[in-house]
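Enquirer: sequence and predicted structure, then a few things I'm wondering about:
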Amino acid sequence: MSAAGRVWRFGDAVNTDQIIPGRANVTTDPAALARGCFGECRPEFAARVRPGDVIVAGEDFGCGSSREHAVIAIQAAGIRAVVAASFARIFFRNAVNLGLPLLEGTAAAGTLADGALIELDLAAGRLIEPTTGAVLQSRPLSAFAARIARHGGVLDLVRAHGSLRGDCSAACGPLTPATTPQGGPTDDR
């Protein structure tokens, strides 16, 4: 369980140009990317976001171009995780590869207000509202994606263990697919 973070609420179809506008996407420096994060659609974001805050959005978060800089900007701004009703496939893979935890679920994405406090249980895919005790369920990361996130990204996982498989399994856990609370398999996209 993580400490409570503030919710930054966004709607549907938040694209990578909104996450990191082109004029701010002229560097690979994470701190500079964080300063430009949501600079045109939520100009107050960079100045007010705090480490551990959580982005909550509707359908198709991260649509648009395949730029990894969108994920880097979100991470560098201090965002703990992104919760959305659904994610664009390329954004999803970039986030997993770079170690940004994502939780997917319409109930969780649909009920949290901007500025609300939320605690996360990433392993179980749960969001807890500390003021009410309400628990919102989302789809947890698959075992493989969770392993990558725990290491901070696929490159850090490979650096630590020499591969994504093999001798990494003892230190990272099994490669068996995770299941949703409803019993179905999660996906790694």
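Expert: Yep, that arrived.

Enquirer: quick one, longest helix in the chain?
Expert: helix 89-98 (DSSP state H).

Enquirer: other SSEs contacting that one?
Expert: helix 69-76, strand 102-104, helix 143-150, helix 154-161 (3 or more C-beta pairs under 8 Å, 6 or more residues apart in numbering; DSSP states H and E). (Glycine included, C-beta is placed from N, CA and C.)

Enquirer: repeat that for 10 Å
Expert: helix 16-19, helix 69-76, strand 81-84, strand 102-104, helix 143-150, helix 154-161 (3 or more C-beta pairs under 10 Å, 6 or more residues apart in numbering; DSSP states H and E).

Enquirer: and of the ones you listed, who's closest to residue 134?
Expert: Across those, residue 134 has its closest neighbour in strand 81-84 (14.2 Å, C-beta to C-beta).

Enquirer: parallel or antiparallel, which strands does the closest one pair with?
Expert: strand 54-57 (parallel), strand 102-104 (parallel) (DSSP bridges).

Enquirer: residues in contact with residue 3?
Expert: 51-52, 80, 117, 119-120, 130 (C-beta atoms under 10 Å, 6 or more residues apart in numbering).

Enquirer: any chance of the residues you listed in TSV, plus neighbour count and pLDDT?
Expert: Shown next, in TSV, are the contacts of residue 3 (neighbours: other C-beta atoms under 10 Å; pLDDT from 0 to 100):
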residue	neighbour count	pLDDT
51	10	96
52	17	96
80	21	95
117	16	95
119	17	94
120	24	92
130	12	90
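
Enquirer: excluding chain neighbours, what is closest to residue 21?
Expert: residue 40 (4.9 Å; C-beta to C-beta, 6 or more residues apart in numbering).
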